[in-house]
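Undergrad: Only the shape, not the letters, is given here:
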């Protein structure tokens, strides 16, 4: 699946899906750090870790 078709941009603020363990630990928000044709990498705010999201449903929503 092509993640770039979803229209994400580097630097955009997003919330990850509740399906991820990080979300359950309170690490819910982050910034898009890298975009490839197969994944979007999000740098999480709380932990500073990089989370690779392989499917469009992995990003719950954009934050304004």
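TA: Everything's here; your move. Bear in mind that the values here come from a model prediction, so they are computed numbers and not experimental data.
Undergrad: Let me know the pLDDT of the most centrally placed residue in the chain.
TA: Ranked by distance to the mean C-alpha position of the chain (CA atoms, centre = their mean), the top residue is residue 42 at 4.2 Å. For residue 42, the pLDDT comes out at 96.
Undergrad: check contacts around it.
TA: 14, 16, 30, 31, 32, 33, 50, 51, 53, 59 (CB atoms under 8 Å, 6 or more residues apart in numbering). All C-beta spots, glycine's among them, are computed from the backbone N, C-alpha and C.
Undergrad: Where does residue 30 fall, secondary structure wise?
TA: Counting by DSSP states H and E, the secondary-structure element that holds residue 30 is strand 29-35.
Undergrad: tell me which strands and helices that strand is in contact with?
TA: For strand 29-35, the packing partners by 3 or more CB pairs under 8 Å, 6 or more residues apart in numbering; DSSP states H and E come out as strand 13-16, strand 40-44, strand 50-53.
Undergrad: at 6 Å what do you get?
TA: Applying 3 or more CB pairs under 6 Å, 6 or more residues apart in numbering; DSSP states H and E, one finds that strand 29-35 makes contact with strand 40-44.
Undergrad: Phi and psi next, for the residue nearest to residue 54 when sequence neighbours are not counted.
TA: Spatially, and ignoring its direct neighbours in sequence, residue 54 is nearest to residue 39 (5.0 Å; CB to CB, 6 or more residues apart in numbering). Torsion angles at residue 39 (phi, psi; degrees, to the nearest 10) stand at phi -160, psi 160.
Undergrad: Report how many residues lie close to residue 39.
TA: 17 (other CB atoms under 10 Å).
Undergrad: now it: how far from residue 32?
TA: Taking CB to CB, to the nearest Å as the criterion, residue 39 is separated from residue 32 by 11 Å.
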